[in-house]
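A.B. asks: build the 3D model from these lines:
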Amino acid sequence: MALSSSMSLAASGELTSSLDLGTARAPSSFRRAVALTSGTGAGKADRIFSDRRTLAASATEDLDLAGVLLDAFGAAITFVRVKGLYIAAADANVNNVVVGNATANAWATLLSATGTVTLRPGAAVGAMAGAADATAYAVTGATGDLLKIANSGAGTSVTYDIVIIGASA
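C.D. replies: Just a heads-up that it's a prediction; the model follows:
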């Protein structure tokens, strides 16, 4: 199978201020994008996982990046390098979605072994390696391959979307 993919992060805004005879404007724009062709080296990816998932109240799950996740065709995926990770908490969530800090075999190259990111309802986070980065965020099967996702509280479930783009070598 071949994979072509692209990833981007963008933000823009415009600060305005009324003046006596007009309006002052200060536009701001930021965008980073990477297009990846099929393969495993720099500027390439050959694996993608995407899913909408729900965690029960106070539940956690460890996403095994090396050999347990399934692609859209039902084939097991083994990431050796993650080129992009995007996670978005549903707007309707009451609790937060907490990403990171697996108790064993943590995938530590993005957040360290104990780091976390808290996604409030409707929040999203994304990370991507640059096109020239062949190493990206390494995954080490059996010792550094678990990405923990947790529901921050009791009472209600949480839903989140996740997309992982990476390479098998």
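
A.B. asks: can you give me the strands in this protein?
C.D. replies: For the chain, the strands defined by DSSP state E cover 5-19, 22-38, 44-45, 47-55, 60-64, 66-70, 76-78, 81-89, 97-100, 116-119, 124-128, 137-138, 146-151, 158-167.

A.B. asks: for residue 110, find the nearest of those.
C.D. replies: Of all these, the one in closest proximity to residue 110, counting by C-beta to C-beta, is strand 137-138 (5.0 Å). Using the backbone N, CA and C atoms, a C-beta is placed for each residue, glycine as well.

A.B. asks: quick one: average pLDDT of that closest one?
C.D. replies: Average pLDDT, strand 137-138: 98.

A.B. asks: thinking again about what came up before, residue 107 is nearest to which of the strands of the chain?
C.D. replies: The nearest among the strands of the chain, by C-beta to C-beta, is strand 146-151 at 4.9 Å.

A.B. asks: how far away is the nearest residue to residue 62 once chain neighbours are set aside from residue 131?
C.D. replies: In this structure, residue 62 finds its nearest non-sequential neighbour in residue 146, 4.2 Å apart by C-beta to C-beta, 6 or more residues apart in numbering. According to C-beta to C-beta, to the nearest Å, residue 146 stands 27 Å off from residue 131.

A.B. asks: compare those two (neighbour count), which wins?
C.D. replies: Under the criterion of other C-beta atoms under 10 Å, the comparison of residue 146 against residue 131 puts residue 146 first, with 21 against 16.

A.B. asks: gap between the more buried one and residue 120?
C.D. replies: For residue 146, the distance to residue 120 - C-beta to C-beta - is 24 Å.

A.B. asks: just residue 15 next, same as before
C.D. replies: 25 Å.

A.B. asks: equivalent analysis for residue 16, please.
C.D. replies: For residue 16 relative to residue 120 (C-beta to C-beta), the value is 28 Å.
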